[in-house]
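Asker: just the structure for this:
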Amino acid sequence: MARNNIVAGLDIGTHSIKALVAQKKQKEWEVLSYAEIPSFGLRKGSVVSVEETAKNVQMIMSGVEKDCNRKVNSVFVNIGGSHLYVTPSDGIISVSRADQRISKEDIERVKQATKAINIPHNEDVLDVFVREFIIDDQKGIKQPEGLTGIRLEAKVLLLCYFVPYFTNLTQAVLGSKLQINDIMPSPIAAAKAVLTPQQKEVGAALIDIGASTTSLVVFEEGELLHLAIFPIGSENITKDIAIGLKTEMAVAEAIKKQHGTCMMAKDPSQKKIEVFDKSSSLNFSKKDLVDIIEPRVSEILDLVQKELKKIGRQELLPGGIVLTGGGAKIPKIRELTKQTLKLACEIGTPQGIAGLQDDPALATVAGLALGGVDFDDEPGILGLTKGWKSKTREWFKNFIP
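Answerer: Numbers count the residues shown, from 1 in each chain. Here you go, the predicted structure:
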């Protein structure tokens, strides 16, 4: 349980930084304060300017503290960017106890054994997602603790990251005079807020379309099956519009939000749309916009389809596709996704926090706050708590005398 029944999530994205403070009132969590400001210092979802990001984080947290009249000392923060990836691995150990009963220590040892792989220089393992345990050739075991056996195996997905980007992120948050409770990959946080346990059990994919990246996470039997992040997002659509209509980025963004769509209506109107661009005006039709937007969205969906084919889940997800992120608000994107991927599709908005807008762009920050709801309250180093990520704590050890 979160301390004092209050949790804070901090979503540091390329386009904006979002902060959410939630409080438990009676039996449900409610928004205590929410803020969003433009983001500077990130590229493709990764922190490239520590100083600039720290300044923006400090600014937004100062705002939410004034709004809710509370001091926020620590946050649950996301890590994003196409440098994140998963790779399969496995490990095997001999059960340590004389009575051959599998302990928590055995489970941790076999997880550590799965990390013994060759990965590129400057990369490391952020987390281990267990697909299944195997005890003496008996497969498909989810909870091995207390069972007996001689040999314990684990088949896992290792979530890896680029160390300098992780370091930049943590330094930026620390530089804003905040402590970090835990760090969660952006798509995992979004899935926590949007996907239901039923969807994760039967098999579903979440596509989170951000400003500069698009994330794909696939769940099956309640466990993470796959994760991929592509260096392309809704900002690319804005750039395409700016180039296609020969206008500025700010105007192109406004056009995308006000008039953009992925598909033509059944009864298309060829009426020209007029938008004023400083001293001049732009004239274009809906078809002109579709001809610009649809190819870029289709490119994203083609990348998703390739990943689903890679794991043998192309057109084979009973729970369907859930779209979230700011890019999910483009009209007709659900219909185009359903048509392209040949799966049921819906727009996912965050659940579990009362008073939060039904906005798919808030999925990640809501998931970070919800991650704090179930957080283990055991104290850790530098006042941190012990969560489902140990990498944050390991990194901080470098700064302890």
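Asker: show me the strands in the stretch 1-150 of the chain, by range?
Answerer: Secondary structure of the stretch 1-150 of the chain (DSSP state E, counting those that start in this stretch): strands located at 6-12, 16-25, 28-38, 42-43, 46-47, 74-79, 85-94, 123-135, 138-141.
Asker: mean confidence for the helix or strand containing residue 322?
Answerer: Here residue 322 sits within strand 321-324, counting by DSSP states H and E. Mean pLDDT, strand 321-324: 98.
Asker: low-confidence ranges, the stretch 151-300 of the chain, go.
Answerer: Scanning the stretch 151-300 of the chain with the threshold set as pLDDT under 70 gives 267-270, 278-279.
Asker: my read: residue 231 touches residue 46, true?
Answerer: No. Applying C-beta atoms under 8 Å as the test, residue 231 and residue 46 come out as separate, 10.0 Å apart. Backbone N, C-alpha and C define where each C-beta goes, glycine included.
Asker: what about those two, which has more around it?
Answerer: Neighbours were counted for residue 231 and for residue 46 using other C-beta atoms under 10 Å; residue 46 has more, 24 against 15.
Asker: now that one. Nearest residue, chain neighbours left out?
Answerer: Nearest non-adjacent residue to residue 46, counting by C-beta to C-beta, 6 or more residues apart in numbering: residue 81, 3.7 Å away.
Asker: residue 139 versus that neighbour, what's the distance?
Answerer: Distance of residue 81 to residue 139, computed by C-beta to C-beta, to the nearest Å: 34 Å.
Asker: so those two - more neighbours on which side?
Answerer: Neighbours per residue (other C-beta under 10 Å) separate residue 81 from residue 139, with residue 81 holding more: 25 against 10.
Asker: give me every residue that touches the more buried one.
Answerer: Residues in contact with residue 81, defined by C-beta atoms under 8 Å, 6 or more residues apart in numbering, are 44-46, 162, 165, 213, 229.
Asker: which of the residues you listed sits closest to residue 303?
Answerer: residue 229 (10.1 Å; C-beta to C-beta).
Asker: name the element that closest one belongs to?
Answerer: Assigned by DSSP H and E, residue 229 belongs to strand 223-230.
Asker: report the buried residues of the next helix or strand after that strand.
Answerer: Next helix or strand after strand 223-230 toward the C-terminus (DSSP H and E): helix 234-245. Using 16 or more other C-beta atoms under 10 Å as the test for burial, helix 234-245 gives 234-238, 240-242, 245.
Asker: now stretch 8-18
Answerer: 8-18.
Asker: export those to JSON lines and append columns for pLDDT and distance to residue 250.
Answerer: Shown next, in JSON lines, are those (pLDDT from 0 to 100; distance: C-beta to C-beta, whole Å):
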{"residue": "8", "pLDDT": "95", "distance to residue 250": "31"}
{"residue": "9", "pLDDT": "96", "distance to residue 250": "29"}
{"residue": "10", "pLDDT": "97", "distance to residue 250": "26"}
{"residue": "11", "pLDDT": "97", "distance to residue 250": "23"}
{"residue": "12", "pLDDT": "97", "distance to residue 250": "23"}
{"residue": "13", "pLDDT": "94", "distance to residue 250": "18"}
{"residue": "14", "pLDDT": "92", "distance to residue 250": "16"}
{"residue": "15", "pLDDT": "92", "distance to residue 250": "13"}
{"residue": "16", "pLDDT": "95", "distance to residue 250": "15"}
{"residue": "17", "pLDDT": "97", "distance to residue 250": "19"}
{"residue": "18", "pLDDT": "97", "distance to residue 250": "21"}
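Asker: redo these as JSON lines? Include distance to residue 178.
Answerer: Formatted as JSON lines, the buried residues of stretch 8-18 follow (distance: C-beta to C-beta, whole Å):
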{"residue": "8", "distance to residue 178": "9"}
{"residue": "9", "distance to residue 178": "12"}
{"residue": "10", "distance to residue 178": "8"}
{"residue": "11", "distance to residue 178": "14"}
{"residue": "12", "distance to residue 178": "11"}
{"residue": "13", "distance to residue 178": "17"}
{"residue": "14", "distance to residue 178": "20"}
{"residue": "15", "distance to residue 178": "21"}
{"residue": "16", "distance to residue 178": "18"}
{"residue": "17", "distance to residue 178": "12"}
{"residue": "18", "distance to residue 178": "15"}
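Asker: can you count the residues close to the nearest residue to residue 102 once chain neighbours are set aside?
Answerer: Excluding the flanking residues, the one nearest residue 102 by C-beta to C-beta, 6+ apart is residue 144, at 4.9 Å. Using other C-beta under 10 Å, residue 144 is surrounded by 24 other residues.
Asker: residue 144 against residue 136, yeah?
Answerer: No. Residue 144 lies out of contact with residue 136 (C-beta under 8 Å); the separation is 10.9 Å.
Asker: which strands and helices sit next to the helix or strand hosting residue 166?
Answerer: If you go by DSSP H and E, residue 166 is part of helix 163-175. Judged by 3 or more C-beta pairs under 8 Å, 6 or more residues apart in numbering; DSSP states H and E, the packing partners of helix 163-175 are strand 6-12, strand 46-47, helix 50-68, strand 74-79, strand 123-135, strand 179-185, helix 391-396.
Asker: so which of the ones you listed is the most surrounded?
Answerer: Among these, ranked by average contacts under mean count of other C-beta atoms under 10 Å, first place goes to strand 6-12 (a mean of 27).
Asker: from the chain's centroid, how far away is that strand?
Answerer: 13 Å (C-alpha atoms, centre = their mean, to the nearest Å).
Asker: again, but for stretch 228-245
Answerer: In terms of C-alpha atoms, centre = their mean, the centre of stretch 228-245 is set 19 Å apart from its chain centre.
Asker: the closest residue in space to residue 251 that isn't next to it in sequence pairs with what?
Answerer: Sequence neighbours aside, residue 277 is the residue nearest to residue 251 in space, at 5.1 Å (criterion: C-beta to C-beta, 6+ apart). With DSSP bridges as the criterion, residue 277 is bridged to residue 280.
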